[in-house]
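> Pasting the sequence and the predicted coordinates here, then a few questions.
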Amino acid sequence: MTSRKQEKFEMILDAAEKVIAENGFHGSQVARIAKEAGVADGTIYLYFKNKEDILISLFQNRLGSLVESFKNNISEQDSAEEALYKICDIHFSLLEENIHLAYVTQIELRQSSLELRKAIGQAVKPYIQLIEHILVKGVADGSFRKSLDTRLTRQLIFGAMDEVVTSWLISGQKYSLTAQVANTVDFFIRGLKQV
């Protein structure tokens, strides 16, 4: 994609993020997304097949950026505990800084069709795999229990972070999400360590 096309693609995704967060996926029309992006309605269809494709692309783009941020901030020299802390910190910080993205990822995903959830699930997969990689590393170096079921635990960790963010949104963001990082990671680590 040329830089101009990439710029327009990003503008549309930013607009979709805002419109969907404010109106819900089902209450958001492509025309409203186009207006927010400052493009003609037909321009949307040069980049996306339909509204579902916009939402899937939004998840792929934002979660892809999140995973890239993890990769840039987590080194092989980091202990498994440090890596989990960084993942939780980046996850909570990103969503606290971008309330529209938080609403889309936490609320809209749960209201989407099964087919749409499956497609979005594919966008989440690299994130889940990264968590599993950290768990495997922790088991291998003795930081975490040898008996740890890493496939189940990766889901539990992702689900717990997800629930912390959802609770924060439902509360009306009355407290700092990033202030929850230390206690969240401490909870994980206590469950993962050797007994």
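Now that the structure is in, tell me what you want to look at. Numbering: from 1, shown residues only.

> what ranges of this structure fall below the confidence cut-off?
Applying pLDDT under 70 to the chain flags residues 1, 109, 111-112, 194-195.

> mind checking the longest helix of it?
In the chain, assigned by DSSP state H, the helix with the most residues is helix 114-140.

> For it, buried residues please.
Residues of helix 114-140 classed as buried: 116, 119-120, 123-124, 126-128, 130-132, 134-139 (neighbour count, 16 or more other CB atoms under 10 Å). Just so you know, the C-beta spots here come from the backbone N, C-alpha and C atoms, and that holds for glycine as well.

> any idea what sits nearest the spatially most central residue of the chain, other than its immediate chain neighbours?
With distances taken as CA atoms, centre = their mean, the residue of the chain nearest its centroid is Leu63 (4.9 Å). Once flanking residues are discounted, Leu63 sits nearest to Ala123: 4.9 Å by CB to CB, 6 or more residues apart in numbering.

> Give me the distance between that neighbour and Ile56.
7 Å (CB to CB, to the nearest Å).

> With Leu148 instead?
32 Å.

> Ile87 contacts Ile74, correct?
Yes - counting by CB atoms under 8 Å, Ile74 is a contact partner of Ile87 at 7.2 Å.

> The two: who's more crowded?
A direct count of neighbours by other CB atoms under 10 Å for Ile87 and Ile74 places Ile87 higher, at 26 against 19.

> List the contacts of the more buried one.
70, 74, 130-131, 134 (CB atoms under 8 Å, 6 or more residues apart in numbering).

> what's the farthest-apart pair in these?
Ile74 and Ile131 (10.9 Å; CB to CB).

> Can you give me the distance of Val39 to Lys8?
The spacing between Val39 and Lys8, counted by CB to CB, is 7 Å.

> can you check Leu55 too?
Leu55 is 18 Å from Lys8, by CB to CB.

> So between these two, which is more surrounded?
Each of Leu55 and Lys8 has its neighbours counted (other CB under 10 Å); Leu55 has more, 24 against 19.

> Name the SS class of the nearest residue to that one once chain neighbours are set aside, please.
Using CB to CB, 6+ apart and skipping residues adjacent in sequence, the residue nearest Leu55 is Phe25, 6.2 Å away. Following DSSP: H, G, I helix; E, B strand; the rest coil, the label given to Phe25 is coil.

> just use 48 as the starting number from now, easier for me
New numbering, starting at 48: the last item is Phe72.

> How about the contacts made by the residue nearest to the centre of the chain?
170-171, 173-174.

> Which element, helix or strand, includes Ala68?
Assessed by DSSP states H and E, Ala68 sits inside helix 50-70.
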